[in-house]
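**Q** need a 3D model of the sequence below.
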Amino acid sequence: MSSTTIIQTETLSKTYKGKVQALSQLNLSVNRGEVFGYLGPNGAGKTTTIRLLLDLIRPTAGHARVFGVDVNQDSRAIRARIGYLPGELNLWDRRTAMQVIRYLGSVRGGVDMRYVQELAERLQFDLTKKVRSYSTGNKRKLGLILALMNKPELLILDEPTSGLDPLMQQTFYEIVRETRADGRTVFLSSHILSEVQAICDRVGILRGGVLQAVQRIDQLTQADFRNVTIRFREPVDEARLRALTGISSLSVVDSTAQFQLAGDFDPLLRAVQDLYIVSMEVEKPSLEEVFLKFYDKTPNNNHRAAQPA
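**A** Have a look, this model is predicted:
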């Protein structure tokens with residue numbers, strides 16, 4: 001494990017009750033100073049991974065290191081350097097937000113209240129109310145303040161923007177970018193594609209407890225297919241296009257054909273060279289489309305992209 005690697009897992013696996021495989025053979029590394037998006041739908045194994053990293057549960061097989069230390073050997077020292085926002089935040093309902101912040105700050109050896117006030121102002125959060133009075137979105141804001149307030153070396157955030165309105169989501173993105181600019185690391189679990197596309201450097205795609213790919217965002221959106229729309233002068237025979245290798249998601253309406261094309265354009269252009277083409281539009285796929293492509297694959301045909309250095 002290099003000095004720049006903050007999180008490292010090797011064949012990390014978790015099976016519940018001897019039957020349910022929540023996480024299988026996870027090999028993953030997260031580098032210092034990056035925002036890493038951990039992407040997948042509910043039940044994919046994201047929260048299980050986080051709980052294993054924090055030593056809240058123990059693995060069935062494999063191991064994980066954070067800051068170069070095995071998480072099962074010195075989890076207390078590791079957690080002192082981490083800011084954590086769980087997916088389900090349970091706090092003292094009868095205490096005010098400020099009371100919760102001061103108490104948890106004292107447990108961690110103190111907290112910069114000026115920074116707490118700054119975070120509260122940016123998130124438009126009232127620190128004086130009791131926890132039980134807050135809406136779901138405001139409880140999420142409190143959780144973010146608790147995770148951020150000590151400026152930890154590593155932030156582990158489980159679905160951090162759940163319940164936040166779009167304006168507060170943008171504020172959160174700004175805070176994450178500032179954290180990265182400080183050289184600190186963010187591990188962000190999410191099922192929101194636009195979120196990881198907006199702020200993450202790399203993304204890992206998880207399906208059914210199995211890591212499907214780890215790539216940079218810009219590389220992931222340069223997947224080996226494009227969205228193509230061709231408008232012909234005359235109606236086109238759908239069968240002619242459907243017979244071509246590399247074409248999928250084909251839709252033909254009168255003289256307009258829309259499809260996804262993997263591979264070279266030459267076979268396509270040769271196949272329609274006798275037809276009059278009025279226009280042709282080619283677009284790169286969105287992250288959502290790439291994500292769905294990975295999820296179209298069957299469990300026995302998993303694609304595992306190599307992790308970039």
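
**Q** check residue 223 and give its pLDDT.
**A** Residue 223 carries a pLDDT score of 64 in this model.

**Q** residues touching the longest helix belonging to the chain, excluding its own?
**A** Secondary structure of the chain read by DSSP state H shows that its longest helix is helix 166-181. The contact list for helix 166-181 (CB atoms under 8 Å, 6 or more residues apart in numbering) reads 33-35, 119, 122-124, 137, 141, 144, 148, 155, 160-161, 164, 186, 188, 195, 198-199, 201. Any C-beta I mention is one placed from the backbone N, CA and C, and that applies to glycine too.

**Q** what residues sit buried inside it?
**A** 168, 169, 171, 172, 175, 176, 179, 180 (16 or more other CB atoms under 10 Å).

**Q** just give me the closest of the residues you listed to residue 253.
**A** residue 169 (36.6 Å; CB to CB).

**Q** for the closest one, give its distance to residue 160.
**A** Applying CB to CB, to the nearest Å, the value for residue 169 to residue 160 is 9 Å.

**Q** in helices, which of the contacts of helix 166-181 appear?
**A** Per DSSP H, the contacts of helix 166-181 map to helices at 119, 122, 137, 141, 144, 148, 195, 198, 199.

**Q** quickly note the distance from the closest residue to residue 130 other than its chain neighbours to residue 132.
**A** Closest residue in space to residue 130, ignoring its immediate chain neighbours: residue 96 at 5.4 Å, by CB to CB, 6 or more residues apart in numbering. Going from residue 96 to residue 132 by CB to CB gives 10 Å.

**Q** out of the two, which sits in the busier spot?
**A** residue 96 (16 against 11; other CB atoms under 10 Å).

**Q** OK, contacts around that one?
**A** Contacts of residue 96 by CB under 8 Å, 6+ apart are 127, 128, 129, 130, 131.

**Q** will you turn those into CSV that also has distance to residue 104, neighbour count and secondary structure?
**A** As requested, the contacts of residue 96 are exported to CSV (distance: CB to CB, whole Å; neighbours: other CB atoms under 10 Å; DSSP: H, G, I helix; E, B strand; the rest coil):
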residue, distance to residue 104, neighbour count, secondary structure
127, 13, 18, coil
128, 17, 9, coil
129, 17, 14, coil
130, 16, 14, strand
131, 12, 19, helix
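
**Q** contacting residues around residue 145?
**A** Applying CB under 8 Å, 6+ apart, the residues near residue 145 are 97, 101, 116, 119, 120, 123, 125.

**Q** quick one, helices of the protein?
**A** With helices called from DSSP H, the chain shows them at 46-53, 75-79, 97-107, 113-122, 136-148, 166-181, 193-199, 217-220, 238-242, 266-271, 287-296.

**Q** name the nearest residue to residue 65, ignoring sequence neighbours.
**A** Leaving aside its sequence neighbours, residue 65 sits nearest to residue 8 (CB to CB, 6+ apart; 4.6 Å).

**Q** same check, this time on residue 5
**A** residue 29 (5.3 Å).

**Q** roughly how far does the one you found sit from residue 120?
**A** 34 Å.

**Q** pick out the shakiest of the helices of the chain, pLDDT-wise.
**A** helix 287-296 (a mean of 67).

**Q** sorry, back to before: the residue nearest to residue 130 and residue 90, how far apart?
**A** Taking CB to CB, one finds residue 96 at 16 Å from residue 90.

**Q** ok, now residue 228?
**A** 50 Å.

**Q** of those two, who's got more company?
**A** residue 228 (18 against 8).

**Q** so who does the more buried one touch?
**A** Contacts for residue 228 (CB under 8 Å, 6+ apart) come out as 257, 258, 259, 260, 261, 268, 280, 281, 282, 283.

**Q** in strands only, show me these.
**A** Those of the contacts of residue 228 mapping onto strands are 257, 258, 259, 260, 261, 280, 281, 282, 283, per DSSP state E.

**Q** quick check: bridge partners of the second one?
**A** Residue 258 has these beta-bridge partners by DSSP bridges: residue 229, residue 251.

**Q** hmm, it is touching residue 229, no?
**A** Yes - contact criterion CB atoms under 8 Å: residue 258 and residue 229 qualify, at 4.9 Å.

**Q** what's residue 83 in contact with, if anything?
**A** Taking CB under 8 Å, 6+ apart, we find residue 83 in contact with 146, 147, 148, 149, 150, 152, 154, 155, 156.
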